[in-house]
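Asker: I'll drop the sequence and a predicted model, then ask my questions.
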Amino acid sequence: MPREKVFKHPLRGKYVERYRRGTTLVLLDTNMTQAFPNDEVVNEALRLLIQIAQSQQPNTAVQGKE
């Protein structure tokens with residue numbers, strides 16, 4: 001989806017409740033939208049990345065001592 005079309009016809013107040021709770025808005029490059037079409041997919045991928053990174057931390061520390 002071209003970046004200029006993302007907010008071409010915004011619905012006023014659509015996300016106001018999310019912003020009140022605290023939201024981080026991130027703009028993806030247009031070539032990323034095929035892999036990450038919506039916020040659920042992005043959040044799932046980031047959670048998986050965090051799990052992988054956390055599971056690798058002890059191994060990295062041990063390997064660094066050798």
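Answerer: Great, that's in hand.
Asker: Report the mean per-residue pLDDT for the longest helix along the chain.
Answerer: In the chain, taking DSSP state H as the definition, the longest helix is helix 39-65. Helix 39-65 carries an average pLDDT of 80.
Asker: other SSEs contacting that helix?
Answerer: Helix 39-65 is packed against no helix or strand, with contacts defined by 3 or more Cβ pairs under 8 Å, 6 or more residues apart in numbering; DSSP states H and E. Any C-beta I mention is one placed from the backbone N, CA and C, and that applies to glycine too.
Asker: neighbours around residue 33, how many?
Answerer: By other Cβ atoms under 10 Å, 14 other residues sit near residue 33.
Asker: Revised request: answer the last question for residue 28.
Answerer: Residue 28: 14 neighbours (other Cβ under 10 Å).
Asker: contacting residues for it?
Answerer: 36, 42 (Cβ atoms under 8 Å, 6 or more residues apart in numbering).
Asker: With the one 10 residues further on instead?
Answerer: Residue 38 makes contact with no residue under the criterion Cβ under 8 Å, 6+ apart.
Asker: Tell me how far it lies from residue 14.
Answerer: 14 Å (Cβ to Cβ, to the nearest Å).
Asker: How far does stretch 12-22 stretch from one end to the other?
Answerer: End-to-end span of stretch 12-22 (Cα to Cα, to the nearest Å): 18 Å.
Asker: what does the average pLDDT come to for it?
Answerer: 74.
Asker: Now do it: everything it contacts.
Answerer: Contacts with stretch 12-22, where a contact means Cβ under 8 Å, 6+ apart, come from residue 23.
Asker: May I see the buried residues of it?
Answerer: Within stretch 12-22, not a single residue qualifies as buried, counting by 16 or more other Cβ atoms under 10 Å.
Asker: Tell me if I'm right that residue 36 and residue 45 touch.
Answerer: Yes. In this structure residue 36 lies within contact range of residue 45 using Cβ atoms under 8 Å: 6.7 Å.
Asker: how about the CA coordinates for stretch 29-36, as PDB?
Answerer: This file holds the C-alpha atoms of stretch 29-36, laid out as PDB (Å, rounded to 0.1, in the frame of the first residue of the first chain):
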ATOM      1  CA  ASP A  29       8.200   0.800   4.600                       C
ATOM      2  CA  THR A  30       5.900  -0.100   1.800                       C
ATOM      3  CA  ASN A  31       7.800  -3.200   1.000                       C
ATOM      4  CA  MET A  32       7.000  -4.500   4.500                       C
ATOM      5  CA  THR A  33       3.200  -4.400   4.200                       C
ATOM      6  CA  GLN A  34       3.100  -7.800   2.400                       C
ATOM      7  CA  ALA A  35       4.700  -9.500   5.300                       C
ATOM      8  CA  PHE A  36       3.100  -7.400   8.000                       C
END
